[in-house]
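Trainee: One predicted model, sequence on top.
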Amino acid sequence: MIRRSGTYEVSLREQMRGGDGTVSIEHFWKADELKGKTRLLAKLTLEPGGSIGFHKHDDEEEVFVILAGKAEMMDEDTPVVLEPGDTILTADGSGHAVKSVGDVPLEMLAVIVQY
């Protein structure tokens, strides 16, 4: 099955998980279209200064791949700056937050898989 760029469903989340601004979520494939336990497969875009608040992942793991921009991630209690090509894995019971700290929008591939 092929889905072409520009045809993805896009949802907007205001103050996602207590963060600032709007997160654009471009869904490549929705959970009900996938046969596995993938809950999210999408590109997230945050304008400079936008953020996703700190939250934990229970019974699942999330992978972010930084595609463009610059991110400041809270990996549990540790702030880390990530740039294009960098990744982060948040596994069962741990948490994270992310903020767009560059001059251009932060774009990330996000994958959440449930156990």
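Mentor: Looks like it came in fine. Computed from a predicted structure; not experimentally measured.
Trainee: lowest-confidence helix or strand of this structure?
Mentor: strand 71-75 (a mean of 89; mean pLDDT, DSSP states H and E).
Trainee: Next, the angle from the helix or strand that that strand is followed by to strand 71-75.
Mentor: Per DSSP states H and E, the first helix or strand lying C-terminal to strand 71-75 is strand 78-82. Interaxial angle of strand 78-82 relative to strand 71-75 (axes from the mean of the first three to the mean of the last three Cα atoms, to 10 degrees): 150 degrees.
Trainee: Give the pairing partners of strand 78-82; include direction for each.
Mentor: The pairing partners recorded for strand 78-82 under DSSP bridges are strand 71-75 (antiparallel).
Trainee: Give the buried residues for the strand it pairs with.
Mentor: By neighbour count with 16 or more other Cβ atoms under 10 Å, strand 71-75 contains the buried residues Ala71, Glu72, Met73, Met74, Asp75. Heads up, the C-betas are built off the backbone N, CA and C, glycines and all.
Trainee: How about stretch 104-115?
Mentor: Within stretch 104-115, the residues that count as buried by 16+ other Cβ under 10 Å are Leu106, Glu107, Met108, Leu109, Ala110, Val111, Ile112, Val113.
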